[in-house]
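>>> Mind folding the following:
(chains A and B)
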Number of protein chains: 2
Amino acid sequence: MEFHYPNGKKFIPSNRDKLPSKPKEKNFQYSNRGMTLEEDLNETNEYYLQSGIAVIHKKPTPVQIVQVDYPKRSAAVIREAYFKQASTTDYNGVYKGRYIDFEAKETRFKTSFPLKNFHKHQIKHMEAVLKHDGIAFVILRFSTLEDVYLLEGKYLLQFWRRMEKGGRKSIAISEIEQYGHMISLGFQPRIDYIKVIDKILNLK
Amino acid sequence: MEFHYPNGKKFIPSNRDKLPSKPKEKNFQYSNRGMTLEEDLNETNEYYLQSGIAVIHKKPTPVQIVQVDYPKRSAAVIREAYFKQASTTDYNGVYKGRYIDFEAKETRFKTSFPLKNFHKHQIKHMEAVLKHDGIAFVILRFSTLEDVYLLEGKYLLQFWRRMEKGGRKSIAISEIEQYGHMISLGFQPRIDYIKVIDKILNLK
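All right, here's what the predicted structure looks like:
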């Protein structure tokens, strides 16, 4: 089990919202799923930064710090802290002066993407970003199929509202194919979502 | 120790670089000095959000998580974690579609603002943001005088380069008055920096 712990710890950021409510095995599963996509995106963002294409970073995991020790002559140690639910999406930054904002999620499902992967406040945040003319989207990965899609925020909002009105609690793969943009994985960058953003911006 | 190992390899080194060199009092003072300004800015950003003016958030404090406990039937507890140095600035978001990025710092000095309040990687980040046509600036507060200024990133970079070339390690108050914009404190919003941004955008 002690090997599970470090993984659990290491991957916590990608599924911090679920941690308190979910059993450990599930966290661990989610963490594994989240990690690959997160690593790919971090590499992609690093590539964008180094090649002067865009400046996009992942936000730190929000943590509620309760107790901090200050050992003499060494680093302050946080001794009690809890994972907080993020009030925004995980990634944001700037591309050609425009504000970029997105969330990345994975699922093991093959035929649909469950909307429970998102939280209401993240949806509200994307709504606000769109209202202020920011570029908001989600990157959805079907981990078993290895397929990655970019879905614009405006469409995610439509599917979310459909669920709120009592409709299906997920987005059908056919809908993602119709409204989203598939991103073929590359070497550098791994997930070239900026290419899709260019397409979207040119369409405007 | 078995909990230390996996993370220790990955995370501890980077912590060792920065944290031990900072004496405890300094950390403590800094956090105190930052607090008022941070609260004012959080209130301001909340006001901007609620009134539909802009969507700007403070990023969570970056923390390196080393050990997490998973008590049965209750929230995961972080038992060992360390403060990491931020690789970007603290605040970012969107205003009229534009990317907004800033750092807020306080000083108790009355005649100048010490540049040691900023880190090289924050300066590099602002440089990158400006290169990508983002709106980057710093909000400087002279806590004893209660004066708050907005200084555009391009000017901060000039003062930083002057220091790197062996020049003064601070920005004189006269220079901040000349190149910056004073922000008079209000009730709502407390620190209306968007008003200054409007001025700057219109000048373009």
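>>> Let's see the pLDDT reported for the residue nearest the centre of chain A.
In chain A, the residue lying closest to the centroid (C-alpha atoms, centre = their mean) is A:Ala104, at 2.5 Å. pLDDT recorded at A:Ala104 is 97.
>>> And the helix or strand harbouring it, what's buried?
Per DSSP states H and E: A:Ala104 is located in strand A:98-107. Residues A:98-107 are the ones in strand A:98-107 that count as buried (16 or more other C-beta atoms under 10 Å in any protein chain shown). (Glycine included, C-beta is placed from N, CA and C.)
>>> what stretches of chain A score poorly on pLDDT?
Within chain A, the segments meeting pLDDT under 70 span A:1-35, A:203-204.
>>> A:Leu201 belongs to a helix?
Yes. Assessed with DSSP: H, G, I helix; E, B strand; the rest coil, A:Leu201 lies in a helix.
>>> Surely it is in contact with A:Arg98?
Yes. Between A:Leu201 and A:Arg98 there is a contact under C-beta atoms under 8 Å: 7.5 Å.
>>> between those two, what contacts are shared?
Both A:Leu201 and A:Arg98 are contacted by A:Ile135, under the criterion C-beta atoms under 8 Å, 6 or more residues apart in numbering or on different chains.
>>> Could you confirm whether stretch A:66-73 reaches chain B?
Yes. Using C-beta under 8 Å from any C-beta of the partner chain, stretch A:66-73 reaches chain B at A:70, A:72-73.
>>> and chain A, what are its domains?
A:1-16+A:61-86, A:87-204 (automatic domain parsing).
>>> ok, back up a step: give the next helix or strand downstream of the strand holding A:Ala104.
Next along the chain after strand A:98-107, with elements defined by DSSP H and E, is strand A:112-114.
>>> Flag every buried residue along that next one.
A:112-113.
>>> residues touching A:Pro62, list them.
A:16, A:83-87, B:60.
>>> Chain A: helices as residue ranges?
With DSSP state H as the criterion, chain A has helices at A:4-11, A:24-50, A:120-131, A:153-164, A:173-179, A:193-203.
>>> Looking at those helices, which is nearest to B:Gly134?
Distance to B:Gly134, taken as C-beta to C-beta, is lowest for helix A:24-50 among the helices of chain A, at 12.9 Å.
>>> neighbours of the closest residue to A:Leu156 other than its chain neighbours, just the number please.
Closest residue in space to A:Leu156, ignoring its immediate chain neighbours: A:Val138 at 5.5 Å, by C-beta to C-beta, 6 or more residues apart in numbering or on different chains. Neighbours of A:Val138 under the rule other C-beta atoms under 10 Å in any protein chain shown: 23.
>>> surely A:Val138 meets A:Ala104?
Yes. Proximity of A:Val138 to A:Ala104 meets the contact threshold set by C-beta under 8 Å, at 7.0 Å.
>>> returning to what we had before: what's the closest of the residues of stretch A:66-73 next to chain B to A:Glu177?
A:Tyr70 (54.4 Å).
>>> Hmm, that closest one is touching B:Tyr82, no?
No. Using C-beta under 8 Å, A:Tyr70 is not in contact with B:Tyr82, being 11.8 Å away.
>>> and the two? which has more neighbours close in?
B:Tyr82 (22 against 13).
>>> Was I right to think that one contacts A:Ser74?
No. Look at B:Tyr82 against A:Ser74 with C-beta under 8 Å: they stay out of range, at 10.0 Å.
>>> gap between A:Arg79 and A:Lys105?
Computed as C-beta to C-beta, to the nearest Å, the A:Arg79 to A:Lys105 distance reads 32 Å.
>>> give the contact list for A:Lys199.
A:His181.
>>> how about 10 Å then?
A:150, A:181 (C-beta atoms under 10 Å, 6 or more residues apart in numbering or on different chains).
>>> Also A:Asp147?
When the contact criterion is C-beta under 10 Å, 6+ apart, the partners of A:Asp147 are A:110, A:140-141, A:173, A:176-177, A:182-185.
>>> Enumerate the beta-bridge partners assigned to it.
Taking DSSP bridges as the rule, A:Asp147 bridges to A:Phe142.
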